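# got a sequence here, can you model it:
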Amino acid sequence: METLCNNFPSKLTFGHDAKRTLLVGAFALGTYQGVKLTGNFLAGVWKHLLRPGYDLKKRYASDSSECWAVVTGAAMGIGKEYAKQLGRRGFNILAIDKDESEMEKTQAELSRLGIKVKTIIWDFGKISNAESYEAFEKELKNATNGLDIGILVNNAAEFQQESLDMISVDRLFRASSVNSLTPALLARYFIPKMLARYNNGLKSAIINVGTNAAEIQNPRYKFAVYGASKAYLHILSSGMREVWGDKIDIMTAIPRQTKTPMCPVDYCFTATPRAHVNAILSQLGHESETYGTMTHDIEYYMRFGMFGGFVIDNMIQWLNEGESKKLISAYERRMS
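Here you go, the predicted model:
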C-alpha cells in the first residue's frame with residue numbers, strides 16, 4: 001500500500017491536448033447555456049408581451065346563438081376569476097360549486113357586471129360511484145339543455161393538508177372524487193358535444209386546471225395526497241390533447257403559487273387569481289400547457305431549467321417552509 005501511495009502522483013498534470021479539450025468543452029457548455037437562455041428569453045417575450053391573444057368569442061362562439069362556458073369551483077378564487085373574465089369576454093356562465101352561500105354572492109356579482117349566469121350547487125366529493133354520478137349528470141343535462149357550450153373549465157379542487165399516514169379514509173376518497181374523477185367525468189360528458197360542434201365548423205376549448213404540486217420535479221412539502229390526486233388530471237389532459245387536440249383546444253393550466261381562499265398564504269412569487277387567469281386566457285388556443293404568468297415562467301426556469309438552479313430551488317423551499325406550516329395551521333383551524 002505504501003509503495004502504491006508513493007507511486008501515485010501528488011499533483012495531477014494535464015498535457016496540452018487535455019487542456020485544449022477541457023477549454024473546448026467548457027466553451028461548448030457555456031455557448032449551449034447562453035443559446036438556451038437567449039432562446040427562452042425570446043420565447044418568453046413573444047409569449048407574454050408580443051403575441052396577441054385570440055378573441056375567444058370569435059374563436060369559440062357561434063354567430064347564431066349565445067355561447068356558454070362551464071366553470072367548476074366557480075364560487076371563489078381562481079374559478080370565480082375564470083367566470084368573471086370569460087363573462088367579460090362575452091360568454092354566459094354555468095357556474096358549479098358546492099358552497100351555496102358563496103355561489104349566491106358570486107352570481108350576484110357577475111349579474112351586476114351584466115353577465116348571464118346559471119348555477120348548479122353540487123359537492124363533487126359525493127360522486128363516488130356510477131349511481132351518484134348519474135344523479136349529477138341528470139342535473140347537468142337539465143341545466144345545459146339547449147345551451148351551446150363552447151368552453152369547459154375543469155377548475156374545482158379540494159386541498160388536502162394532511163400527510164398520507166394521517167389523512168382519514170373519507171378525505172382520501174374525496175381527494176380522488178374531486179380532483180381526479182369529476183374532471184374526467186365532465187370531460188367525458190362534454191367531449192362528444194364539442195366534437196359535434198367541430199363537425200359543424202365550431203371550435204371548443206377545455207381548460208384543465210392542475211397544480212405545480214402535481215409535477216414530479218416540484219417539491220410539495222407534505223402535500224403528496226393533493227399533488228398525486230391532481231397529477232391524474234395532468235396525465236388525463238395530455239392524453240385528451242393527443243387524441244382530440246386537433247379538434248378541441250385542450251390546455252393544462254398549472255397555477256403555481258396563487259393566493260386564494262384555498263391557498264391563503266404568501267409564498268415566494270405568489271400571483272393573484274386575476275393575473276393568473278388573464279394570462280391563461282390570453283394563451284388559450286396558443287399553448288397546450290402553461291403556468292400562466294411571466295413571473296411563474298421565470299421562477300420555474302430559475303429553479304428547474306437553469307444550470308445550478310438547485311441552489312435557487314433549495315433557497316425558495318427554505319423560504320416557503322414557514323408559509324406551508326401556516327397553510328397547515330389554517331386548514332386545521334377550519335376543520336376543528
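# for Leu147, what are its contacts?
Glu66, Trp68, Asn92, Leu94 (CB atoms under 8 Å, 6 or more residues apart in numbering). Every residue, glycine included, has its C-beta placed from N, CA and C.
# I'd say the first one and Asn92 touch.
What that stands for is Glu66. Yes - counting by CB atoms under 8 Å, Glu66 touches Asn92, with 5.6 Å between them.
# which residues do those two both contact?
Lys116, Leu147.
# between these two, which is the more surrounded one?
Asn92 (19 against 13; other CB atoms under 10 Å).
# phi, psi of the more buried one?
With angles defined as degrees, to the nearest 10, Asn92 sits at phi -80, psi 160.
# how about it, nearest residue that isn't a chain neighbour?
Lys116 (4.1 Å; CB to CB, 6 or more residues apart in numbering).
# doesn't Ala95 make contact with that neighbour?
No - here Lys116 does not reach Ala95: they are 11.0 Å apart, not a contact under CB under 8 Å.
# which of these two has more residues huddled nearby?
Between Lys116 and Ala95, counted using other CB under 10 Å, Ala95 has the larger neighbour count: 27 against 13.
# okay, and the beta partners of the more buried one?
Val71, Thr119 (DSSP bridges).
# ok, Asp97 - contacts?
Asp97 neighbours (CB under 8 Å, 6+ apart): Thr72, Gly73, Ala74, Ala75, Met76, Gly79, Met103, Thr106, Thr119, Ile121, Trp122, Ala156.
# by neighbours, which of the residues you listed wins?
Neighbour counts for those, by other CB under 10 Å, peak at Ala74, which reaches 32 neighbours.
# helix or strand for that residue, just tell me which one.
Assigned by DSSP states H and E, Ala74 belongs to neither a helix nor a strand.
# pLDDT at the closest residue to it other than its chain neighbours, what is it?
Nearest residue to Ala74, sequence neighbours excluded (CB to CB, 6+ apart): Ala95, at 3.6 Å. Predicted confidence (pLDDT) for Ala95: 98.
# Ala95: what's it in contact with?
71, 74-75, 79, 83, 103, 106-107, 110, 117-120.
# ditto for Gly77
If you count contacts by CB under 8 Å, 6+ apart, Gly77 has them with Thr258, Thr260, Pro261, Met262, Pro273.
# nearest to Gly146 among those?
Nearest to Gly146 among the contacts of Gly77 is Pro273, at 30.9 Å by CB to CB.
# which residue packs closest to that closest one, ignoring adjacent ones?
Glu81 (4.0 Å).
# check Lys126 too.
Ser132 (5.9 Å).
# report the secondary structure state of Tyr221.
Of the three states, Tyr221 takes coil under DSSP: H, G, I helix; E, B strand; the rest coil.
# I figured it hits Ser324, correct?
Yes - counting by CB under 8 Å, Tyr221 touches Ser324, with 4.4 Å between them.
# and Ala253, backbone torsions?
The phi/psi pair for Ala253 (degrees, to the nearest 10) is phi -90, psi 130.
# over to Thr252?
Dihedral pair for Thr252: phi -100, psi 110, per degrees, to the nearest 10.
# so what's it up against?
Per CB under 8 Å, 6+ apart, neighbours of Thr252: Asn208, Gly210, Leu233, His234, Ser237, Ser238, Arg241, Ser288, Glu289, Thr290.
# wait, the fourth one touches Ala214, no?
Looking back up the chat, that one is His234. Yes - in this structure, His234 is within contact of Ala214 by CB under 8 Å, at 5.2 Å.
# got any residues that touch both of those two?
With CB under 8 Å, 6+ apart, His234 and Ala214 have common neighbours Ile254.
# by contact count, what packs against the longest helix along the chain?
Taking DSSP state H as the assignment, the helix of the chain that covers the most residues is helix 16-45. Using 3 or more CB pairs under 8 Å, 6 or more residues apart in numbering; DSSP states H and E, the elements in contact with helix 16-45 are helix 294-300.
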